[in-house]
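Student: what shape does this take:
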Amino acid sequence: MAGSRHRALRAIVAAGSPNAQCSAMGTAIAARTTSQVGLTATTADSQKKGYCWKRTRQSYRSLQNLLEKQLKQADWELLQQAAWEGYLKLKYLDESGFDCWSPVSYSWSLAGTQKRQEQTARPGRRVNLIGVWEPDCSFTYGLSVGSITSTTYIRFINEQAKQAQRLFKRTGKITVITQDNARIHTCQAVQQCISDWQEKRHPLTHTVLSTNRLAAR
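Tutor: Predicted coordinates for the structure are as follows:
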């Protein structure tokens, strides 16, 4: 389409009469219209066949151990049932991050308009968040300017462990925190802390950490 417009413009410049100019402009418009009609037809045909335009995501499904995933899925369903019956507290832990230049590829906007995300003069420093969510109950989080490291994670879990100990003493309920296989969740420093907590009856004794890779990404 760009090539057609360029050829038309060159023709307009070289043309010596109004008729030639109109003819060249008509050629450019026709080329552009034909291209748009072709694109619309292709989109309509794809939709009729059940296709839709959406973002492609990275996948790790081929790296999953299917047997381990099934066992984890069964454990998770059992924990959900126990939490629903009031025998334990089931929470979910994850991290996320935000910055002023966060790229947003898709968003909702009115038909015929395009939403714009104006950029600041400087991107600023990234703010990362680590949080624990208990469905229909609470969301506890911590903020960090810069990366969330294993030290940040251990400090956050320490606080969760203290809350779990208080809950256990008051009600006899344990707290289960489920998480993914992020490196800071499974690194050597964290593994050493878990061992120490269990042996020394640290508050984390009553916090059961369960690492799951349940998402079929």
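Student: count the neighbours of Gln160 for me.
Tutor: Around Gln160 sit 19 other residues, with neighbours defined as other CB atoms under 10 Å. Backbone N, C-alpha and C define where each C-beta goes, glycine included.
Student: what do you get for Ala189?
Tutor: Neighbours around Ala189, by other CB under 10 Å: 12.
Student: which residue sits closest to it in space, ignoring its chain neighbours?
Tutor: Take Ala189 and drop its neighbours on the chain: the residue closest to it by CB to CB, 6 or more residues apart in numbering is Ser150, 4.7 Å away.
Student: can you tell me which strand in the chain is longest?
Tutor: strand 88-98 (DSSP state E).
Student: and whichever helix or strand comes after that strand, what's its mean pLDDT?
Tutor: Counting by DSSP states H and E, the next helix or strand C-terminal to strand 88-98 is strand 127-134. Average pLDDT, strand 127-134: 93.
Student: give me the helices and strands touching strand 127-134, please.
Tutor: The contact analysis (3 or more CB pairs under 8 Å, 6 or more residues apart in numbering; DSSP states H and E) places strand 127-134 against strand 88-98, strand 138-145, helix 150-171.
Student: let's see it at 6 Å
Tutor: strand 88-98, strand 138-145 (3 or more CB pairs under 6 Å, 6 or more residues apart in numbering; DSSP states H and E).
Student: identify the residues contacting the residue nearest to Ala189.
Tutor: 184, 187, 189-190 (CB atoms under 6 Å, 6 or more residues apart in numbering).
Student: quick check: angle from the longest strand of the chain to helix 150-171?
Tutor: 150 degrees (axes from the mean of the first three to the mean of the last three CA atoms, to 10 degrees).
Student: coming back round to it: tell me which of the helices and strands packed on strand 127-134 sits most buried.
Tutor: Across the helices and strands packed on strand 127-134, the average number of neighbours (mean count of other CB atoms under 10 Å) peaks for strand 88-98, which reaches a mean of 18.
Student: each with direction, which strands does that one pair with?
Tutor: strand 127-134 (antiparallel), strand 174-179 (parallel) (DSSP bridges).
Student: can I get the CA coordinates of that strand in PDB?
Tutor: Taking Å, rounded to 0.1, in the frame of the first residue of the first chain, the C-alpha atoms of strand 88-98 are listed here in PDB:
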ATOM      1  CA  LEU A  88      -7.000 -24.300  57.600                       C
ATOM      2  CA  LYS A  89      -6.200 -21.000  56.100                       C
ATOM      3  CA  LEU A  90      -5.300 -21.200  52.400                       C
ATOM      4  CA  LYS A  91      -3.400 -18.300  50.800                       C
ATOM      5  CA  TYR A  92      -1.800 -17.600  47.500                       C
ATOM      6  CA  LEU A  93       1.600 -15.800  47.100                       C
ATOM      7  CA  ASP A  94       2.900 -14.000  44.000                       C
ATOM      8  CA  GLU A  95       4.900 -11.000  42.800                       C
ATOM      9  CA  SER A  96       4.300  -8.300  40.300                       C
ATOM     10  CA  GLY A  97       5.800  -5.000  39.200                       C
ATOM     11  CA  PHE A  98       4.800  -1.500  38.000                       C
END
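Student: any idea which element the residue nearest to Tyr153 when sequence neighbours are not counted lies in?
Tutor: Excluding the flanking residues, the one nearest Tyr153 by CB to CB, 6+ apart is Ile184, at 4.8 Å. Using DSSP H and E, Ile184 sits in helix 183-186.
Student: one more: Lys72?
Tutor: helix 66-84.
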